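Q: structure for the following, please:
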Amino acid sequence: MSTAESVPCTWHELEGDEALETLRRCGRRRLVIDAIVRFRAADGFSHARALAFQSTLTLLPALIALVGLTAALDQEQSELRRVLQETINAVAPGSVGALLTGALRQGSSSAARESGETALVAGLVAAVLAGTSAMAQVERGANRIYGVEQDRPLAHRYLAALGLALTAGVLVLLALAALVGGAAIRDAAGWDDGFNTAWGIARWPVGLACTVGAIALLFEVAPNRRQPEPSWLAFGSGAAAALWLLFMVLLVAYIEATGTFGATYGPLAGTIGVLLWTFGSSCALFGGLALTAQLEAVRAGVPGPKLDRPVNTPADE
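A: Residues are numbered from 1 along each chain as shown. Model prediction:
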């Protein structure tokens with residue numbers, strides 16, 4: 001396992017105005033190049049692949065839990081399925097959305113074979129366990145990017161990961177529900193015109209607040225070090241969000257342009273589509289962290305982002 005050059009902890013004096021001053025001094029182009037070197041020195045793609053796998057393992061049981069909840073409440077699964085379908089189409093329209101609905105059909109079928117309570121409990125437990133493992137992977141990747149060679153002790157690591165799964169993870173789901181599935185939720189709920197109008201306006205600041213809160217929690221809590229003020233971390237958080245949107249545009253353009261994605265992967269196309277989506281999201285997250293870490297390294301006077309020696313850490317799997 002490799003790591004980048006260590007970033008000294010200068011958290012006590014770093015705020016947003018310092019970030020802007022440091023950015024002006026080092027230049028955006030130089031910062032981006034060094035952040036890419038830091039990302040690669042920390043083996044960022046390997047951490048992104050591991051996080052994508054864990055995130056994919058989280059999505060399907062979470063979907064089963066949602067469908068199981070409606071069954072337990074004696075609600076029609078078709079209504080929730082329609083909301084989820086419209087949300088998927090909004091996240092990834094066209095061919096990408098068609099691929100991702102394979103996971104939706106699988107989740108609905110799994111919930112239908114079991115009682116609502118069983119599907120709800122089993123799906124929720126599996127989603128929490130997989131989500132906790134995913135957040136532990138975020139810590140590993142963040143530590144290597146910051147040049148931190150030692151992860152938290154095992155018990156502390158997974159307690160922190162569980163906390164992030166129940167906070168940042170839930171905030172991400174709420175942000176997607178508000179920003180992406182807001183119209184589908186409104187149509188399914190059957191609210192009156194006044195409440196529909198209020199929701200149409202309120203869902204944007206609500207979704208934005210959930211997104212900012214999730215990224216801020218991950219950037220603040222995941223690395224095993226004292227982090228700067230949230231205003232300093234805002235630059236990297238915004239970069240992570242922009243990278244995620246860019247990846248989604250490129251993914252949609254690629255699949256729409258080729259038109260053979262489903263034929264190439266056949267029945268596995270839905271799973272491959274989810275893996276590509278989670279991998280791009282993971283790269284965006286770690287890319288934003290690399291920018292944040294490199295900006296702090298420049299402020300602390302670290303000569304370069306790369307450490308030319310391997311780092312061995314105890315296996316914990």
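
Q: phi, psi for G163 please.
A: Per-residue torsions, G163: phi -60, psi -40 (degrees, to the nearest 10).

Q: neighbours around the nearest residue to it once chain neighbours are set aside, how many?
A: Spatial nearest neighbour of G163, excluding adjacent residues (CB to CB, 6 or more residues apart in numbering): V221 at 7.5 Å. Every C-beta, even on glycine, is put in place using the N, C-alpha and C of the backbone. Neighbourhood size, V221 [other CB atoms under 10 Å]: 19.

Q: swap in L208?
A: 14.

Q: pLDDT below threshold where in the stretch 151-300 of the chain?
A: 179-193, 252, 255-256, 258-270 (pLDDT under 70).

Q: surely L285 and S237 touch.
A: No: between L285 and S237 there is no contact, the gap being 9.8 Å when judged by CB atoms under 8 Å.

Q: which one of those two is surrounded by more residues?
A: L285 (27 against 23).

Q: which helix or strand contains the more buried one?
A: Assessed by DSSP states H and E, L285 sits inside helix 269-300.

Q: give me the buried positions along that helix.
A: By 16 or more other CB atoms under 10 Å, the buried positions in helix 269-300 come out as 269-299.

Q: which residues sit against stretch 28-38?
A: 4-5, 23, 145, 287, 290-291, 293-295, 297-298, 304-306 (CB atoms under 8 Å, 6 or more residues apart in numbering).

Q: which one of the residues you listed is nearest to T58?
A: Of all the contacts of stretch 28-38, G287 has the smallest distance to T58: 20.8 Å, by CB to CB.

Q: which residues touch that closest one?
A: By CB under 8 Å, 6+ apart, the contact set of G287 is A35, F39, G44, A239, A240, L243.

Q: which parts of this protein are strands?
A: With DSSP state E as the criterion, the chain has strands at 2-4, 306-310.

Q: worst mean pLDDT among those?
A: Comparing mean pLDDT across those, the lowest value falls on strand 306-310: a mean of 55.

Q: re earlier: I'd say the residue nearest to G163 and A160 touch.
A: Yes: V221 is within contact range of A160, at 6.4 Å (criterion: CB under 8 Å).

Q: what residues are up against R152?
A: E139, A160, N224.

Q: out of the contacts of G287, flag the one nearest to L251.
A: Out of the contacts of G287, the member with the shortest distance to L251 (by CB to CB) is L243, at 12.4 Å.

Q: separation between that closest one and L129?
A: For L243, the distance to L129 (CB to CB, to the nearest Å) stands at 28 Å.

Q: comparing the two, which shows the higher neighbour count?
A: Comparing L243 with L129 by other CB under 10 Å, the one with more neighbours is L243, at 19 against 15.

Q: what sits against the more buried one?
A: Going by CB under 8 Å, 6+ apart, L243 touches C283, A284, G287, G288.

Q: recalculate using a threshold of 7 Å.
A: Contact analysis of L243 by CB atoms under 7 Å, 6 or more residues apart in numbering lists A284, G287, G288.
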